[in-house]
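Q: Just to be clear, the model below is a prediction. Sequence and coordinates:
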Amino acid sequence: MIIVLKPEATQAEIDHVVSKIESAGLKAHISRGVERTVIGAIGDETALREIPLEIVPGVDRVLPIMTPFKLVSREFRKENSVIDVRGVPVGGRKITIIAGPCAVENRGMLLETARKVKAAGATLLRGGAFKPRTSPYSFQGLEEEGLRYLAEAREETGLPIVTEIMDPRDIELLDRYADVIQVGARNMQNFRLLKEVGALNKPIMLKRGLSATIKDLLLSAEYIVSNGNPNVILCERGIRTFETFTRNTIDIAAVPSMKDLSHLPVIVDPSHAAGRWDFIHSISMASLAAGADGLMIEVHPDPENALCDGPQSLMPERFSRLMDDLKKMALFLDREI
Ligand code: PEP
Ligand code: MN
């Protein structure tokens, strides 16, 4: 349930409500909005039903949360959450553009890509060091060496870095290097991993599973937030359907759906959705029009020879031209890039 406090509620009153919730054996999650503070009481609510919270000083209303996901729901928090990634806001008026190669292949290609996407106006740099590949014979990533190159690229360009975790055993390593830890589609329901990243204080980008519903994705986000980490960014990256012409099927309606159901930022990955570089432009424009807070786009200096996902990677020059059109779209939407 959520406890909506009066606008004038004092800190002592907030603390008092929190102690009541905790003494009933529930966890209290505080969300401070512009106008008022809301407290989410998460756990077995039967114990709390005995306590008349409505009459506690500072409390305005007590409401049930109807959705199965609680802390990530729009019911819990009306305002959009803005996640701070090393000073870069994600989820506000400014649209976030994450760009970079699928995998960090070597130092040279990463630095070259980082410089070019930065010059084109990207706000975050992506690059996988641990790659979830369907075949065990495919390139698996440079692991810590790749993370070091990402850190060097960040040092030089100032772009914060987004990189994927695949195994809870790498949590300390990823926390040391990454500015956003990505939990990929294949791990969206690795609940142990979700709990581990929920214990960090670092932005997490959670990608929609290959055959996950929007509700599944939001419940996975709830795992992270309920474990104490409110910094979650949702990512639509296409789902498996009967249609096989594109690599996955982009679910454009998932964008307004998630914005409606949740306060978390929503970004779209047109590269993995389409599997084709020549569809990135149209899907990107459609995603922004649908209300996405950002995009994640694969960019490679030599897609034909890429070790991973070349066919869905843009050359830097094309990415730069796409950015020009995205800026026009942002202007139309009264947002900025
Ligand atoms: C990726 O972004 O590198 C990736 C592997 O994507 P997904 O988990 O969406 O397949
Ligand atoms: Mn990829």
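A: That came through, no problem. Remember, predicted model here, so these are calculated numbers, not experimental data. Numbering: from 1, shown residues only. Ligands and ions are numbered 1, 2, ... in the order given.
Q: Go ahead and name everything in contact with stretch 104-120.
A: Here stretch 104-120 makes contact (Cβ atoms under 8 Å, 6 or more residues apart in numbering) with 99-101, 125, 127-129, 139, 141-142, 146-147, 149-150, 152-153, 156-159, 299-302, 306-308, 316, 319-320, 323. Where you see a C-beta, it was placed from the backbone N, CA and C, and this is true even at glycine.
Q: Return the residues of the stretch 201-337 of the chain in contact with ligand 2.
A: D309 (Cβ under 5 Å from the ion).
Q: make it 6 Å
A: Proximity of the stretch 201-337 of the chain to ligand 2, by Cβ under 6 Å from the ion, involves residues 272, 298, 308-309.
Q: Tell me which two of those sit farthest apart.
A: Spatial extent of these (Cβ to Cβ) is set by the pair H272 and C308 at 11.3 Å.
Q: Who has more neighbours out of the two?
A: H272 (24 against 20; other Cβ atoms under 10 Å).
Q: Using PDB, list the CA coordinates for the helix or strand encompassing S19.
A: Assigned by DSSP states H and E, S19 belongs to helix 11-23. Output of helix 11-23 as PDB, limited to C-alpha atoms (Å, rounded to 0.1, in the frame of the first residue of the first chain):
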ATOM      1  CA  GLN A  11      10.600  14.800   8.800                       C
ATOM      2  CA  ALA A  12       9.700  13.700  12.300                       C
ATOM      3  CA  GLU A  13       6.300  12.700  11.100                       C
ATOM      4  CA  ILE A  14       7.800  10.800   8.100                       C
ATOM      5  CA  ASP A  15      10.200   9.000  10.500                       C
ATOM      6  CA  HIS A  16       7.200   8.100  12.700                       C
ATOM      7  CA  VAL A  17       5.200   6.600   9.800                       C
ATOM      8  CA  VAL A  18       8.300   4.600   8.700                       C
ATOM      9  CA  SER A  19       8.800   3.200  12.200                       C
ATOM     10  CA  LYS A  20       5.200   2.100  12.300                       C
ATOM     11  CA  ILE A  21       5.600   0.300   8.900                       C
ATOM     12  CA  GLU A  22       8.800  -1.400  10.000                       C
ATOM     13  CA  SER A  23       7.500  -2.400  13.400                       C
END
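Q: buried sites along that helix?
A: Across helix 11-23, burial judged by 16 or more other Cβ atoms under 10 Å covers 13-14, 17-18, 20-21.
Q: ok, now stretch 284-303?
A: 284-288, 290-301, 303.
Q: Check what pLDDT the residue nearest to G43 when sequence neighbours are not counted gets.
A: Spatial nearest neighbour of G43, excluding adjacent residues (Cβ to Cβ, 6 or more residues apart in numbering): L26 at 3.5 Å. For L26, the model assigns a pLDDT of 94.
Q: what do you get for E45?
A: For E45, pLDDT reads 88.
Q: for it, what are its contacts?
A: The neighbourhood of E45, defined by Cβ under 8 Å, 6+ apart, consists of 1, 26.
Q: on that earlier part again, can you list phi and psi of the residue nearest to G43 for me?
A: Phi and psi for L26, reported as degrees, to the nearest 10, are phi -110, psi 170.
Q: For it, give its distance to ligand 1.
A: 34 Å (Cβ to the nearest ligand atom, to the nearest Å).
Q: Correct me if wrong: that residue contacts D44.
A: Yes: counting by Cβ atoms under 8 Å, D44 is a contact partner of L26 at 6.9 Å.
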